[in-house]
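Asker: Mind folding the following:
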Amino acid sequence: LVYIVKIAVGRARPELWPSAWYSGSSFPSGHTLAVAATATAGALVVIRLWPVADRWAVVAAFVWTALVALSRLVLGVHWPTDVLAAACVGAAIPLVLSLGVALKRN
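Answerer: Sure thing, here's the model as predicted:
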């Protein structure tokens with residue numbers, strides 16, 4: 001999904017400092033999308049298994065995703081909208097799948 005969107009959009013990477021070693025387009029941030037999906041899925045598992053830890057799971061998922069997104073900005077390889085869109089899509093994937101499973105049970 002990430003590579004298809006990268007090819008379709010073809011957005012140039014920021015040129016804050018030399019980053020020639022990064023190839024491909026900037027949008028979306030694959031690292032941020034993958035971490036957001038993994039962190040959100042992990043939080044959903046924790047919430048399901050240990051409901052009392054729901055706040056900690058959500059905070060941990062948010063912080064992990066935010067730190068990776070921030071690192072992509074600090075490295076100068078993504079625009080803010082690249083990481084924001086990737087975080088939203090990455091978090092939406094496990095949430096939508098979880099909702100589908102919940103609706104199927106009922």
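Asker: use CA for all of it now, contacts and neighbours both
Answerer: Will do.
Asker: Would you mind writing the CA trace of stretch 48-59 as PDB?
Answerer: C-alpha atoms of stretch 48-59 as PDB (Å, rounded to 0.1, in the frame of the first residue of the first chain):
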ATOM      1  CA  ARG A  48      -9.000  -6.700  25.100                       C
ATOM      2  CA  LEU A  49      -6.800  -8.800  27.500                       C
ATOM      3  CA  TRP A  50      -6.400  -6.300  30.300                       C
ATOM      4  CA  PRO A  51      -9.100  -3.700  30.300                       C
ATOM      5  CA  VAL A  52      -7.700  -2.000  33.300                       C
ATOM      6  CA  ALA A  53      -4.600  -1.100  31.300                       C
ATOM      7  CA  ASP A  54      -6.500   0.700  28.600                       C
ATOM      8  CA  ARG A  55      -5.100   4.200  29.200                       C
ATOM      9  CA  TRP A  56      -1.500   3.000  29.400                       C
ATOM     10  CA  ALA A  57      -1.900   1.000  26.200                       C
ATOM     11  CA  VAL A  58      -3.300   4.000  24.300                       C
ATOM     12  CA  VAL A  59      -0.700   6.400  25.700                       C
END
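Asker: could you measure the residue nearest the centre of the chain against residue 50, distance?
Answerer: For the chain, the residue nearest the mean C-alpha position is residue 33 (2.7 Å; Cα atoms, centre = their mean). Separation of residue 33 from residue 50 (Cα to Cα, to the nearest Å) stands at 25 Å.
Asker: for the chain, longest helix please?
Answerer: helix 80-105 (DSSP state H).
Asker: Give the other helices and strands that it contacts.
Answerer: helix 30-49, helix 54-74 (3 or more Cα pairs under 8 Å, 6 or more residues apart in numbering; DSSP states H and E).
Asker: neighbouring contacts of the longest one?
Answerer: Contacts of helix 54-74 from elsewhere in the structure, counted by Cα atoms under 8 Å, 6 or more residues apart in numbering, are 29, 31-32, 35-36, 39-40, 42-44, 46-47, 78-80, 83-84, 87.
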